[in-house]
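Enquirer: Need coordinates for the following:
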Amino acid sequence: MTMPTNISIDHRRLIRVAALLCLALVAQGCTAGGSPSGELVEDSVTKDKTSVSEEPVTVRDKLSNAQPAQVGSISFDGTHVLATVVSTGCTSPEHFEVLSQTNATSCQVTLMRNKPDFCRRAPVAVDIAIAWEMPANCDSDTLVFTNPVIDMGRAAGKSEPARKLK
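Expert: Residues are numbered from 1 along each chain as shown. Prediction:
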């Protein structure tokens, strides 16, 4: 298809950009209402308008990226879970949460990282302390940490002592 010659170059660029945007929207399959039926509902957590879902969205669903933190060491001192983790510059204790589950023989504890560290600094080992109160049905003798343990010297790229984060 050829363009009429009386359209300026600026208009041609605008038409091309508009065509590309329309093509991108069609390729993503977006709908005007956010759901196939066009019906909008409120998200029970954020009160945002979102598409229709079978069940209400919970905070745990929002943290679907949360994963067990890889640790160099992990322990419990009675009031805090202490761990050595890898940071690339933006890790803080607020990026972690402690989950526990009790079974017949032990109290399983997992340190979850709920916010990834996307900074670009060279990896370094850091010590973090997360306040945690042991549930009544847990016993300090039966605590089992389920986090994957890694070699911090290799993960952090050097064998320096871990830095402490406050």
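Enquirer: mean confidence score for the helix or strand hosting Ile15?
Expert: Counting by DSSP states H and E, the secondary-structure element that holds Ile15 is helix 9-28. The predicted model gives helix 9-28 an average pLDDT of 66.
Enquirer: same deal with stretch 114-124?
Expert: According to the model, stretch 114-124 has a mean pLDDT of 92.
Enquirer: Can you give me the buried ones in that stretch?
Expert: Burial within stretch 114-124, assessed by neighbour count using 16 or more other C-beta atoms under 10 Å, is assigned to Asn114, Asp117, Pro123, Val124. In this view, the C-beta of every residue, glycine as well, is placed from N, C-alpha and C.
Enquirer: Am I right that the last one is in contact with Val86?
Expert: Translated: Val124. Yes - applying C-beta atoms under 8 Å, one finds Val124 in contact with Val86, separated by 7.3 Å.
Enquirer: Next up, the contacts around Ala83.
Expert: Ala69, Val71, Gly72, Ser73, Ile74, Ser75, Phe96, Leu111, Asp127, Ile128, Ile130, Asn147 (C-beta atoms under 8 Å, 6 or more residues apart in numbering).
Enquirer: can you list the domains in this protein?
Expert: In the domain annotation for the chain, the residue ranges read 9-61, 67-164 (automatic domain parsing).
Enquirer: just to revisit the earlier point, what's the most distant pair in the contacts of Ala83?
Expert: Taking every pair in the contacts of Ala83 and measuring C-beta to C-beta, the maximum separation is 15.3 Å, between Gly72 and Ile130.
Enquirer: the more surrounded of those two?
Expert: Higher neighbour count among Gly72 and Ile130: Gly72, with 20 against 15, using other C-beta atoms under 10 Å.
Enquirer: Relative to Leu82, which of the buried residues of stretch 114-124 is nearest.
Expert: Nearest to Leu82 among the buried residues of stretch 114-124 is Val124, at 17.2 Å by C-beta to C-beta.
Enquirer: State the distance from the closest one to Asp77.
Expert: Noted for Val124: a distance of 23 Å to Asp77, by C-beta to C-beta, to the nearest Å.
Enquirer: show me the contacts for the closest residue to Pro148 other than its chain neighbours.
Expert: Distances taken as C-beta to C-beta, 6 or more residues apart in numbering place Gln70 nearest to Pro148, at 5.1 Å, with adjacent residues excluded. Taking C-beta under 8 Å, 6+ apart as the definition of contact, the neighbours of Gln70 are Val85, Val86, Asn147, Pro148, Val149, Ile150, Ala155.
Enquirer: which residues touch the closest residue to Phe118 other than its chain neighbours?
Expert: Closest residue to Phe118 apart from its sequence neighbours, by C-beta to C-beta, 6+ apart: Cys90 at 6.7 Å. Under the criterion of C-beta under 8 Å, 6+ apart, the contact list for Cys90 reads Asp117, Phe118, Cys119.
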